[in-house]
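Asker: dropping the sequence and predicted coords here.
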Amino acid sequence: MTDVLAQRSFRGLSAAEAIESVHNELDGLWEDAPFVQAMDQMTFTTAVIESASNIVQHAVPAKAQKPVELGVEISVQPSLLQARVSAFYAKPPFGPLKPGTPDDDSESGRGLALIEALVTTVTFERQNGTNTWILTRTSQS
Amino acid sequence: MEFSYEVKDSYAEVKADGRLNMVSAPKLREFVTDVIAGGSSRIVVNLENTAFMDSSGLGALIGCLKAARQAGGDLRIAGVQPQVKMVLELTSMDRVLTAYASAEEAFSND
């Protein structure tokens, strides 16, 4: 049995405003788990927000009448931070899942590389019409 | 996020207080575009109260930098906090967006 020390979650329409809600949940999580090192809080928050923003910007509904929903579940376990960032009712992701290498003038395309630099593992799964990115970071403490 | 600006002797200082994410990034771009259109192409974005920036926010800063240069000026950043510094370093954009300790220092040698 996994020992979960603190957890927070969000589910709502995949829209820009949802990002602020996810951020507020993360702030609440760190208040609940102040023992998590500041560096881990900072890096994991950035990775979760990048992943959630990626869904809001790029997820495409599988059916026209059913909008994509964003789901985020974040847990603090001993020495491990984990987040499941999901796009519900979405088509499978289109295009490369590999980070690009934008030039200095480019205004986008850095998100995936940033996520990979911030976390220990990134795993993707698709199940029952839901795309989920699972992020883990081994805690420094 | 809240934006404000102040025209100084040789530059305009833009303050961006709060989280610079995909919600506020387009607003920053619009705000700075308006400041440039108002005649100030030397811009310092003061990030001392920007607690968070993601790649959307970084993209907006790059867009603002290009707009300032196209208008014959430049854009520099100041007061960078640890999370923003981390994002700049991990994306290697600290080479492009030079960070100064304070807004006053950003154009002091020009």
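Answerer: That came through, no problem.
Asker: what sits against the residue of chain A most remote from its centre?
Answerer: Distance from the C-alpha centroid of chain A, by Cα atoms, centre = their mean, peaks at A:D105 (26.0 Å). A:D105 makes contact with B:62, B:66, according to Cβ atoms under 8 Å, 6 or more residues apart in numbering or on different chains. (Glycine included, C-beta is placed from N, CA and C.)
Asker: so it is in which element?
Answerer: Per DSSP states H and E: A:D105 is located in neither a helix nor a strand.
Asker: now it. Its backbone dihedrals?
Answerer: Note on A:D105: its backbone torsions stand at phi -80, psi -10 [degrees, to the nearest 10].
Asker: now do it, the pLDDT please.
Answerer: Looking at A:D105, its pLDDT is 87.
Asker: now stretch A:116-125 - C-alpha only, CSV.
Answerer: Below are the C-alpha coordinates for stretch A:116-125, written out as CSV (Å, rounded to 0.1, in the frame of the first residue of the first chain):
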residue,chain,number,x,y,z
GLU,A,116,11.5,16.4,-19.1
ALA,A,117,14.2,18.5,-17.4
LEU,A,118,12.1,19.0,-14.3
VAL,A,119,10.9,15.5,-13.4
THR,A,120,12.5,12.1,-12.9
THR,A,121,10.1,10.2,-15.2
VAL,A,122,7.3,11.1,-17.7
THR,A,123,5.0,8.3,-18.8
PHE,A,124,2.1,8.5,-21.2
GLU,A,125,-0.9,6.2,-21.3
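Asker: which residues of chain B lie near chain A?
Answerer: For chain B, the residues in contact with chain A (Cβ under 8 Å from any Cβ of the partner chain) are B:19, B:21-23, B:52, B:54-56, B:58-60, B:62-63, B:66, B:82-83, B:86-87, B:90-91, B:93, B:95-96.
Asker: show me where chain A has strands.
Answerer: Remark: strands assigned in chain A by DSSP state E are A:6-13, A:69-77, A:80-88, A:121-127, A:130-138.
Asker: OK, contacts around the residue of chain B found nearest chain A?
Answerer: Nearest to chain A, among the residues of chain B, is B:G59, at 3.8 Å (Cβ to the nearest Cβ). When contacts are counted by Cβ under 8 Å, 6+ apart, B:G59 touches A:106-108, A:110, B:25.
Asker: show me how to select, in PyMOL, the buried members of those residues.
Answerer: Per 16 or more other Cβ atoms under 10 Å in any protein chain shown, the buried members of the contacts of B:G59 correspond to this PyMOL selection:
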select buried, (chain A and resi 107+110) or (chain B and resi 25)
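Asker: quickly find the element holding the spatially closest residue to B:A12 that is not a sequence neighbour.
Answerer: Closest residue in space to B:A12, ignoring its immediate chain neighbours: B:S40 at 3.6 Å, by Cβ to Cβ, 6 or more residues apart in numbering or on different chains. Assigned by DSSP H and E, B:S40 belongs to neither a helix nor a strand.
Asker: wait, B:S40 touches B:E6, no?
Answerer: No: using Cβ atoms under 8 Å, B:S40 is not in contact with B:E6; the gap is 10.0 Å.
Asker: quick one: secondary structure of B:F52?
Answerer: B:F52 carries the three-state label strand when classified by DSSP: H, G, I helix; E, B strand; the rest coil.
Asker: hang on, isn't it packed against B:N21?
Answerer: Yes: when contacts are counted by Cβ under 8 Å, B:F52 is listed as touching B:N21 (6.8 Å).
Asker: what's the overlap in contacts for those two?
Answerer: Counting by Cβ under 8 Å, 6+ apart, the common neighbours of B:F52 and B:N21 are A:23, A:49.
Asker: count the neighbours of residue 35 for me.
Answerer: Because you didn't say which chain, this covers chain A. Neighbourhood size, A:F35 [other Cβ atoms under 10 Å in any protein chain shown]: 11.
Asker: that's the wrong chain, I meant chain B
Answerer: B:V35: 21 neighbours (other Cβ under 10 Å).
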